[in-house]
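Student: turn this into a structure:
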Amino acid sequence: MSAAWRRARADLWPLLVTAVVVALLVAVTDAVPRLLTARADTAVRTAVAQADPAADVVVTSRYGAGTSDATAGESDTTIGVDDVARSLDAALPASLGAVLDPPVASAASSDLNLSTAGLPTGGLLRLAYVWAGQEPAVRWRDGVAPGRPGPDLAVQVGLSEAVADALDVGAGDTVSATTADRTVVPLLVTGVFVALDPQDAAWTARPELLGPRAYGREDARTTVVAGLLSAASLPAARAALEPDGVTRTFRLAVDPQALDHAAARDLVRQVAALEASPDVLTVPGSDVRVTSRLDLLLTQVGARVDATWSQAVVVLTGLAAGGALVLLVAGDLLARRRATALRTVRARGTSLAGVAGAAAAESAVVVGAGAAAGLVLGAVVAPGTVTWPGVVGVAAVGVLAPAAFATVTARHVEPRRVPTDRHRRRLAQRVRTVRRVSLEAALLVVAVGATAALVRRGAASLSGAADLLLAAAPVLVAVTGALLLWRGVPPLVGAALGAARRSRKAGPLLAMARARAAGAVLPFVALVVLTTLVALCAALAGTARAGQEDGAWDAVGADVVVRTTSPDTSVEQVAESLARADGVDAVAVARVQDDTQLFGVPRVGTVRVLAVDPLPYGDLLARTPTGPAPQLGALADASDAARAGTGVRALPALVTASLLDADAALRWGDVTIDLQPVGETPALPAPQAEAGVPTVVVDRAALTAVAEALADARENRSGARPAGADRGVADGNTVWAVGPGAPAAAHTAAATVGARDLSRAQWLADRRSDPLTSGLVGLVVLVALVCAALAATVVVLDAAASAPGRARSLASARVLGLRGRAAARVAAGELLPPTLVGAVGGVALGVLLVGVLVGPLALRLVTGQADDPAVAPAWWAAAPVALLALTVLVVVAVESSTRRRERLGQVLRVR
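Tutor: Model (predicted):
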């Protein structure tokens, strides 16, 4: 033990380097998977919590014809609504039920037209019975709760204070409402109530029960109110609105905190199964449906999680490989420092197994201490179950590397015998060359194959240990590139040596001679791999950040966008307000309709329709990075006849290239419109979700004119006008605006009509703070910093390995008259060339790799763009070159300081 301790003390700093590297690698490989899992869970919960519309699971059911009885009592409602809601929990799959809140049930009528003294222009009335474990608690300010109908058969309802005041009615008043087919429904207001708990979940089924809601233009508002039905009065409402005037709705809200990424796929399958087969819920009635956006949201966020995880695997695999190379370099240095001792013990009869065992035992202690420290650090950063595969892999390399190098060093106890025959020497050299070339060629083939597979499959396909070869593709390319660069170092040094021979000073000649003789391939390969990873991470981070800027333009389409939940004339009011606001340069109104049916084109069933005012929209696009779109001017000219209503039945449109020669027809409302392609759709900003979906651009006014003309023609032929033909055919649902004052003006204008606004700056801030995006960028920066530190460590280890030979050469040169400063320049000239070649080559290789891997790594899911982002390396991609050059200078300064303390006798002594 004392001998082992003395040996360890003599080589303390290489052992400490090994322990620190192991601790760092173990901490990262152990903690990062848990951190990514936590980020994935947070992303799932955030996506569901912020979903608009909500991701609730909604079950709807109509009562059907002939099932109503106006004289039925409360038991009819209890059986048909309350008991059904109670039974849903038992009918749901256990894992799905665990993430859903108790159902909120309602039985609500269709919209009824209503006109009262307080609402002379008319409004919409909805009758609703609501239940959330029980009927909501209310206090009847006037009158009593609704009950069974009296002799007049009027449906009894209760009104909240706010609704009663808006309608100017009170308890005991009778009002008449009409259905869409003009059937009169008499209503008796039995009382006016005050909700004891306005936050009761039951009220969320119909918020208009507590107060009127209005939408539409300021000069043409539509007011929506609701009347409360009791369990006793619901049967009468059903009878009055027979057959399908009342719909039961059971809404099960999703609890975001109960979700996690691990269970997301099962939930997607279960929700999809319920949507396909709602009968398993045993909900009575006709036309039972289950709808939810939960499966769509979980699928979308799951794709982002998978892509983020795969990108992280690629980066972590590179870090692990780079760390393993550093441990190999440290093991090689340790064996070199102990070369004399190892050969001595070998000459005294110690077996190679004994040498390897002693080295492995020492390494096990060092690696064990480092791994323990790394596990503690990982547990502090991210508590949880240890990620053993990564920890074991790092520890194995740390233990085996010193043992392997010690064995190889001890094996060479005798000098290698060189044949005296020139032919045999050449033959031996050829054998070594063939082996080297074969190894490098095999590595090149594997690297090219792994990269090609990664490009073909994409990083998102990485799913298990079998895909680690694909994840290691960047490392394999870096190793192959390092070996090729290494073959280029001798010619470069040789050329520099030739130039140094012509110099009048001895320093350059000595430096180049040492550089040619002292190089080692392993540290060089490690250096190139690590600098490649730093540049790769810098390019990924820079590309992600720049791509998010472009993604904001794609997602928003302007500096700000205002959207309504449905087409509404109020967007015109928003547009007018924005056009008058200071700091707004351009405004455009549009009707954006997704999933619009298209006929006449094989393999294209739906398209995204963009109905715009071509000239204002073209002016707006010209002020964005999208740039001018002259096709919009051509569309405006081609739509003149259609806008004028001169008998045109085909709608001019800009379509994608695949639709230019097709006889396509568009389903718009209840009419089918033939399209007349007049040009190709220009490059337009589009949300990521719409990437790859064909876009058809039409003139809003032309669309309205053609659709109304077709509706008139049908009415003339059949006497029946298509439903909805009298409503705004192309009312807008989107307003875009650009200009420095647009976001503030849009926020104010949107609030007045109840619309939603989203600025580009807000989207960008939300994206950059997204759990997955911020986590991935943070990981990339962390790996870059660790790899940069490891690269500097490699430079120090390599310099330490060649230090004895350099010290002897410089000592001899100093005896011959070389000055101290010149000796420092000689040392720098020896160390800098391979370091700079490796650093510059690694940086270039890393940036080139990102250009190849932008698509396979699915960076568009990080940036939010519709297409793959352009490569934009961060400024610090070249930092490794400066860092490693500075490290060399520091090493040279330390060595020079050591030499200044040497006495003349030490310098003259034979070393």
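
Student: residue 127: how many residues sit nearby?
Tutor: 30 (other CB atoms under 10 Å). (Each C-beta comes from the backbone N, C-alpha and C, glycine too.)

Student: also residue 630?
Tutor: For residue 630, the count of nearby residues is 11 (other CB under 10 Å).

Student: again with residue 634
Tutor: Neighbourhood size, residue 634 [other CB under 10 Å]: 15.

Student: and the gap between it and residue 828?
Tutor: 66 Å (CB to CB, to the nearest Å).

Student: likewise for residue 821?
Tutor: For residue 821 relative to residue 828 (CB to CB), the value is 11 Å.

Student: quick one: which of these two has more around it?
Tutor: The residue with more neighbours, out of residue 821 and residue 828, is residue 828; 21 against 10, by other CB under 10 Å.

Student: which element is the residue nearest to that one when sequence neighbours are not counted on?
Tutor: Of all residues not flanking residue 828 in the chain, residue 892 sits nearest, at 4.8 Å (CB to CB, 6 or more residues apart in numbering). Under the criterion of DSSP states H and E, residue 892 resides in helix 879-900.

Student: tell me the contacts of residue 48?
Tutor: 55, 254, 256, 259, 294, 297, 298 (CB atoms under 8 Å, 6 or more residues apart in numbering).

Student: and residue 118, by the same measure?
Tutor: 165, 166, 167, 168, 169.

Student: that one - that's part of a strand, no?
Tutor: No. Remark: residue 118 does not belong to a strand; assigned using DSSP: H, G, I helix; E, B strand; the rest coil, it is coil.

Student: quick one: the helices in the stretch 551-700 of the chain?
Tutor: Along the stretch 551-700 of the chain, counting by DSSP state H, counting those that start in this stretch, helices occupy 570-580, 614-622, 630-638, 640-644, 700-718.

Student: hmm, I typed the wrong one, I wanted the stretch 251-400 of the chain.
Tutor: For the stretch 251-400 of the chain, the helices defined by DSSP H, counting those that start in this stretch cover 264-276, 294-337, 339-347, 352-381, 388-411.

Student: which residues are contacting the third one?
Tutor: Read it as helix 339-347. For helix 339-347, using CB under 8 Å, 6+ apart, the contacting residues are 7, 335, 352, 355, 406, 409, 410, 411, 412, 413.

Student: okay, the angle between that helix and helix 294-337?
Tutor: Here the directions of helix 339-347 and helix 294-337 differ by 80 degrees (axes from the mean of the first three to the mean of the last three CA atoms, to 10 degrees).

Student: average pLDDT across helix 339-347?
Tutor: Averaged across helix 339-347, pLDDT comes to 79.

Student: in that helix, which residues are buried?
Tutor: 342, 343, 345, 346 (16 or more other CB atoms under 10 Å).

Student: farthest pair within those residues?
Tutor: Farthest pair in these (CB to CB) is 343 and 345. Separation: 7.6 Å.

Student: for residue 437, state which of the contacts of residue 48 is nearest.
Tutor: Among the contacts of residue 48, and counting by CB to CB, the member closest to residue 437 is residue 298, at 51.6 Å.

Student: wait, that closest one sits on residue 264?
Tutor: Yes. Contact criterion CB atoms under 8 Å: residue 298 and residue 264 qualify, at 4.6 Å.

Student: which neighbours do the two have in common?
Tutor: Shared contacts of residue 298 and residue 264, defined by CB under 8 Å, 6+ apart, comprise residue 44.

Student: and these two? which has more neighbours close in?
Tutor: residue 298 (26 against 23).

Student: against residue 214, how distant is that one?
Tutor: Counting by CB to CB, the gap from residue 298 to residue 214 is 35 Å.

Student: out of the helices of the stretch 251-400 of the chain, deepest packed?
Tutor: Using mean count of other CB atoms under 10 Å, the stretch among these with the largest mean neighbour count is helix 294-337, at a mean of 23.

Student: before we move on, back to that, give the contact list for the residue nearest to residue 828.
Tutor: Residues near residue 892 by CB under 8 Å, 6+ apart: 824, 827, 828, 831.
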